[in-house]
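Enquirer: fold the following.
(one chain, ligands or ions: 2)
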Amino acid sequence: MVKKPEIIIEAKALEFNYPGDSLNRSSAINGIDMTVNRGEYLAIIGPNGSGKTTLLKLFNALLAPSGGEVLVEGISTVDHEKVPLIRRSCGMIFQNPDNQLVATTVEEDIAFGLENLALPSAEIRQRVTEVAQRLHLDKLLLHPPHLLSGGEKQRVAIAGILAMQPRCILMDEPTAMLDPSGRREVLDTVKALNREEGIAIIHVTHFPEEAAHADRVLVLNQGEVVEDGPAEIILTDLEMLHSYNLQGTAVVELAALLRQDGFNLPTRILHNRELVNSLCQYERKS
Ligand SMILES: Nc1ncnc2c1ncn2[C@@H]1O[C@H](COP(=O)(O)OP(=O)(O)OP(=O)(O)O)[C@@H](O)[C@H]1O
Ligand SMILES: [Mg+2]
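Expert: Ligands and ions are numbered 1, 2, ... in the order given. I've put the predicted structure just below:
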């Protein structure tokens, strides 16, 4: 018998209005039904104002639904007593790493959430050590967080969440303020946590290259889920992406231009290597 996937997050008929929404525009979240399964890597893309940040905040109980509900591991986000539990099982990383670091050393920062759990101090120390090693932060433990690079700061923020042993990490444009090497550093970290430890990732991004790391991609527009499917299907559908003012990855856009110029390439080319392989085969055929 095929095992049913375990649902980490479920949104049912979810609606959210900011004050004034009904007067001059539609709801920020406009009737979303979706689930996120254990261990899944989901990217969420969509134009500015489509509701991506609002959706993550609803998942993290930072906002309460105006209609419908969000269940995190079966617990409703409006169950106030359970909010700390929800935030432990689904931690959130924001765009600006500076706004998430609170302590005077990296070590204290990673331990910050754990201190609130009233864990024995030996266990806190052990978790901080393990997480720091896991994210290659062990040599930085005594450094003040504000002196780290952007990529290192985001890794400290991720470490603080990881120390809570989450099922899921929600990330709202986590690399938007980073240079290319910081971006790579954070993406590699997140991908490893997903692949090696089965932590579900929900990754909001404006970079199609980043969305291409995900297994599944969801497109939001005007508070609605307008597309939801495997990355190789969603991110190679240029006509659809362009219709929402979104771009394909450089490879997808290039493959489309090559097709226009008469190259008979497969339709679902997403990654650099796939384009190179197709072009090499093409050469050999012609
Ligand atoms: N605090 C707020 N008060 C009122 N309206 C808001 C607030 N935050 C967001 N909105 C509105 O809700 C809608 C969705 O915003 P949201 O920030 O979720 O979009 P987004 O997809 O994250 O956009 P971006 O790509 O720019 O980050 C937009 O119309 C926005 O103007
Ligand atoms: Mg946003």
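Enquirer: so for this structure, which residue is the most central one in space?
Expert: Geometric centre of the chain, nearest residue: residue 203, 1.4 Å, by CA atoms, centre = their mean.
Enquirer: surely it and residue 211 touch.
Expert: Yes: applying CB atoms under 8 Å, one finds residue 203 in contact with residue 211, separated by 7.4 Å. Backbone N, C-alpha and C define where each C-beta goes, glycine included.
Enquirer: so the residue nearest to the centre of the chain bridges to which residues?
Expert: residue 43, residue 171 (DSSP bridges).
Enquirer: and the helix or strand harbouring residue 84, what's buried?
Expert: In the assignment (DSSP states H and E), residue 84 maps to helix 83-89. For helix 83-89, burial by neighbour count (16 or more other CB atoms under 10 Å) applies to 83, 86, 87, 88, 89.
Enquirer: likewise for stretch 243-260?
Expert: 244, 246, 248, 249, 251, 252, 255, 256, 258.
Enquirer: about what we covered before: which element follows the helix holding residue 84 toward the C-terminus?
Expert: strand 90-93.
Enquirer: run through the neighbouring helices and strands of the helix or strand just after that following strand.
Expert: Using DSSP H and E, the next helix or strand after strand 90-93 towards the C-terminus is helix 106-115. The contact analysis (3 or more CB pairs under 8 Å, 6 or more residues apart in numbering; DSSP states H and E) places helix 106-115 against helix 121-134, helix 150-162.
Enquirer: among those helices, which is nearest ligand 1?
Expert: Of all these, helix 150-162 sits nearest to ligand 1, with 17.2 Å by CB to the nearest ligand atom.
Enquirer: ok, back up a step: export the helices and strands packed on helix 106-115 as JSON lines, with columns for distance to ligand 2 and mean neighbour count.
Expert: Output for the helices and strands packed on helix 106-115, formatted as JSON lines (distance: least, CB to the ion, whole Å; neighbours: other CB atoms under 10 Å):
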{"stretch": "helix 121-134", "distance to ligand 2": "27", "mean neighbour count": "16"}
{"stretch": "helix 150-162", "distance to ligand 2": "16", "mean neighbour count": "25"}
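Enquirer: spell out which parts of the stretch 151-286 of the chain neighbour ligand 1.
Expert: Contact residues, the stretch 151-286 of the chain versus ligand 1 (CB under 6 Å from any ligand atom): none.
Enquirer: so, low pLDDT: which residues of the stretch 151-286 of the chain?
Expert: The stretch 151-286 of the chain contains residues with pLDDT under 70 at 283-286.
Enquirer: can you pull out the strands in it?
Expert: 168-172, 200-204, 216-221, 224-230 (DSSP state E, counting those that start in this stretch).
Enquirer: mind listing what's buried along the longest one?
Expert: So that's strand 224-230. Here strand 224-230 shows 224, 225, 227 as buried, counting by 16+ other CB under 10 Å.
Enquirer: for it, packing partners?
Expert: Looks like strand 224-230 contacts strand 29-37, strand 216-221 (3+ CB pairs under 8 Å, 6+ apart).
Enquirer: highest mean neighbour count out of those strands?
Expert: Among these, ranked by average contacts under mean count of other CB atoms under 10 Å, first place goes to strand 216-221 (a mean of 23).
Enquirer: what are the pairing partners of that strand, and which direction each?
Expert: According to DSSP bridges, strand 216-221 has these partners: strand 41-45 (parallel), strand 224-230 (antiparallel).
Enquirer: apart from its chain neighbours, what residue comes closest to residue 136?
Expert: Spatial nearest neighbour of residue 136, excluding adjacent residues (CB to CB, 6 or more residues apart in numbering): residue 155 at 7.6 Å.
Enquirer: can you pull the contacts of the one you found?
Expert: 135, 136, 137, 185, 186, 189 (CB atoms under 8 Å, 6 or more residues apart in numbering).
Enquirer: mind checking which of those land in helices?
Expert: 185, 186, 189 (DSSP state H).
Enquirer: any idea how far the second one is from residue 94?
Expert: Using CB to CB, to the nearest Å, one gets 12 Å for the distance from residue 186 to residue 94.
Enquirer: could you do the first one as well?
Expert: Remark: distance between residue 185 and residue 94 (CB to CB) = 17 Å.
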